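**Q** based on what follows, work out the 3D shape:
(one chain, ligands or ions: 2)
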Amino acid sequence: MLQRLFGFHGGVKPAYHKEASTGLPIAVAPTPDLLVIPLHQSIGGMPRPLVAAGEHVLKGQRIGGADGNVSSAVHASTSGTVVAVEMRLMPHTSGLSALCVVLEPDRRDEWIPRQPFDFRSATPTQTRDYLRDAGVVGLGGAVFPSYLKINPGKHEQLDTLVLNGAECEPFITCDDVLMRERAGTLLKGMAIMREMLSAGQVLIGIEDNKPEAIAAMEVAARDAGDSTIKVVPVPTRYPAGGAKQLIRVLTGIEVPHGKRSTDYGVQCFNVGTAYAIYEAIALGQPLISRIVTVAGNVSRARNFEVLFGTPMRDLVALCGPLPDSDRVIMGGPMMGLLMPDDSVPVVKAANCVLVGSKSLFPPPPPEMPCIRCGDCAKACPADLQPFEMYWFSRAKIFGKAQEYHLFDCIECGCCAYVCPSHIPLVDYYRFAKSEIWARELVKEAADVARERYEFRLLREEREKQEKAAKLATRTVAARAKTAAALADAEKPAATPEQEAKQALIAAALERTRKQKELVHAENTGNLTPEQQAEVSAIEARRDEIREMAKPHLPQD
Ligand code: SF4
Ligand code: SF4
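**A** Residues are numbered from 1 along each chain as shown. Ligands and ions are numbered 1, 2, ... in the order given. Sure thing, here's the model as predicted:
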C-alpha cells in the first residue's frame, strides 16, 4: 500500500548540483602524515583528554572521555603516537582554537580488541553508556549524541522509527552513495535501533531525486522480508531532510515548539547514524570515520571514507581543485560553515567539504533595508517570523528574539534565499544565538561563583560556631576546676589528733608497700643488698622466736 504523504510549510527549490559527486564509488581517503583530532566533536560537553604526548595508541582507542550528561567520546582514528595534546584551529567560522589530540600514524593501522556488544542482555542504561563511549552521534550534521535518542521517551515503545535519507542540501551526496552501496548493512543498523526502541514500523524517507538509492534500499528492505519497513520517496523540496519536516511529510505529525517527536511516538535518525550504530554494536567498532562528499569548484567531485582528523586540504587535493578556488565550506551552500583555513580537520559533523570560488558562489548584492514583504515567513519551514527575529537580533534585544522562538530556527537559510533585500538573515540568527549562549555561560559562571561565595560564608559561620562551642566547654571546665580548688582551700584545718591518725595510716601504708616489694624481690631473686640484709634479720628474728617458743626443760 502506498504511504500517504503530507506537505510542510515553506521550503525552497535551489539548484541541487548532486550529479557530479555520484559518478564514482566511495573511495577510502589516504591516512595523512598527521591527524589532528578535536576532542569536542558533538553537541554538549567537551570530552576529557585521556592520553598525553608520547603515548602510543591503537586504532579505536578512546582518547577523549565523555564529560557530563550530554557528551560523546572521541577515539584514535588509527594507531600511532600522540605527539601533542594542544589547542589547534577548529573547523568553525569563528576561527577559534580548541583542544585537539595530534596523532602521528605508525602505518600499522592496528585495532584495539573488538567484540560485538550484546545489547539484548544489557540494560538500557548499559546500552546507552556503550554508545556514548563508542562516540556515536547523529551524522546528518547536527552531531547530537545518539545514546540520548535511543530512548522511547514517555511511551514504552515507539510507533514509528523514521530513517532520514532525504539529504536535501545541494551538493551533498554522502547519504545517497551510502544507501546505494551499503543498503544491507545500513538496514542491519536500523534493525538494531528498532529493537532498542521497540518501534512498530520503520519509514525510510528518501528525496525522489535519488532513484538509485531508493532502488537499493527497496531491494534491501525486500530482502529483510519485513512488511513493516517501508522505503518512501518524498518530494524534493529543501529542507525535506530536516527531522521535523520529514516526520511531518511521512506521518502528518506536526511536532510543536518545545516538544519532542518521541512525545508523539516518533524518533528520527540519519541513515549514516544507522550505519555507525551497526558498526558499534555488531562489530565493536567506535566511530572513527565517516563518508564525506568533496564537491564544488573541483574537477573530480567524489565521496570518500575519511578518518577524523584528516586535513580538509588533503581531501580537496585528491579532487583537483580549480585554480580560482578561494574558500572551503563545511556542509552545503545553504547551511554550511565557511572554514577559516583549509588545514582544519574533518570531524563528525563534516558531511561535505565544499570548495568555493567567486564564480561558483558570487558575492551577494549589498544588503538593503527590510521592506516587510513577508517572503521570509512564507519560506520558513519552521513557521517562524524571520523578519521579527532579524529585527530583534540586529537591535540586540535578544529576549524578544527568543520570544519569537529564535532557538526553533534550524538555520536552513530559506528565508535569506528568498529575501529580496539580500539580508543575510541566518548570520543575524547565529550571532544572536551565540550572544545568548555566551551570556548564559557568563550567568552560569556568576551563579557558580555566587554559590561558592555563599558556601564559603556558611563554612566560615559553621567554623565560628564550632570554635565558640569549644571555647564555652573549656571555660566551663576551667571554672569547675577553680571552684574545686577554692572549695579545697576553704576546708577547716585538721586537729592534732586527726593529723596523728593520718600519720599512722601513712606509715602503715608505707610498711605494706615495702613488704610487697620485698616479697616480690625475694620471689624473683632480685634482692638488693639492703633487702638481703633485712631478710636475713627477719629470718634471725624468726629463729629467735622459735627458740623462745620451745618448752624449756630443767637443766641439770
Ligand atoms: S524577506 Fe527580507 S525584506 Fe522581506 S520581510 Fe523578510 S527580511 Fe524583510
Ligand atoms: S533559517 Fe530559520 S528563520 Fe530562516 S527559514 Fe530557516 S528556520 Fe526559518
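**Q** what about the strands in the stretch 151-300 of the chain?
**A** Secondary structure of the stretch 151-300 of the chain (DSSP state E, counting those that start in this stretch): strands located at 160-164, 201-207, 229-234, 266-270, 289-296.
**Q** what's the local residue count around residue 135?
**A** When neighbours are defined as other C-beta atoms under 10 Å, residue 135 has 28 of them. Where C-beta positions appear, they are placed from N, C-alpha and C, glycine not excepted.
**Q** so it, which of the three states?
**A** Classification of residue 135 into helix, strand or coil gives coil, according to DSSP: H, G, I helix; E, B strand; the rest coil.
**Q** nearest to residue 539 among the strands of the stretch 151-300 of the chain would be which one?
**A** Proximity to residue 539, assessed across the strands of the stretch 151-300 of the chain by C-beta to C-beta, is greatest for strand 289-296 (105.9 Å).
**Q** what pairs with that closest one, parallel or antiparallel?
**A** Listed by DSSP bridges, the sheet partners of strand 289-296 and their directions read strand 302-307 (antiparallel), strand 352-357 (parallel).
**Q** who touches the following helix or strand past the last one?
**A** To tie it back to what came earlier, the one meant is strand 352-357. On the C-terminal side of strand 352-357, the nearest following helix or strand under DSSP states H and E is helix 375-379. When contacts are taken as C-beta atoms under 8 Å, 6 or more residues apart in numbering, the neighbours of helix 375-379 outside the stretch itself are 10-12, 384-387, 390, 414-420, 425.
**Q** now do helix 375-379: distance to the chain's middle.
**A** 37 Å (C-alpha atoms, centre = their mean, to the nearest Å).
**Q** mean confidence score for it?
**A** Taken as a whole, helix 375-379 carries a mean pLDDT of 97.
**Q** so which bits of it are buried?
**A** Applying a neighbour-count criterion of 16 or more other C-beta atoms under 10 Å, one finds 375-377, 379 buried in helix 375-379.
**Q** and what of stretch 363-372?
**A** residue 370.
**Q** weed out the non-buried ones from the contacts of helix 375-379.
**A** So, by 16+ other C-beta under 10 Å, the buried ones in those are 10-12, 384, 386-387, 390, 414-419, 425.
**Q** which of these sits closest to residue 229?
**A** Checking the buried ones among the contacts of helix 375-379 against residue 229 with C-beta to C-beta, the nearest one is residue 11 at 26.8 Å.
**Q** which residue sits closest to residue 348, ignoring its sequence neighbours?
**A** Of all residues beyond its chain neighbours, the one nearest residue 348 is residue 41 (4.5 Å), with distances taken as C-beta to C-beta, 6 or more residues apart in numbering.
**Q** I'd say that neighbour and residue 137 touch.
**A** Yes - at 7.3 Å, residue 41 counts as touching residue 137 under the criterion of C-beta atoms under 8 Å.
**Q** these two: which is more packed in?
**A** When residue 41 and residue 137 are compared on other C-beta under 10 Å, the one with more neighbours turns out to be residue 137, at 29 against 26.
**Q** quick one: the more buried one from ligand 2, how far?
**A** Between residue 137 and ligand 2 the distance is 22 Å, computed by C-beta to the nearest ligand atom, to the nearest Å.
**Q** contacts only, for that residue.
**A** Contact partners of residue 137, counting by C-beta under 8 Å, 6+ apart, are 41-43, 72, 143-146, 273, 276, 287, 348.
**Q** narrow those residues to those in helices?
**A** With helices taken from DSSP state H, the overlap with these comprises 273, 276.
**Q** give me the neighbour count for residue 330.
**A** Close neighbours of residue 330, defined as other C-beta under 10 Å, add up to 24.
**Q** quick one: contacts for residue 252?
**A** By C-beta under 8 Å, 6+ apart, the contact list for residue 252 reads 4, 6.
**Q** before I go, just wanted to say thanks for your time.
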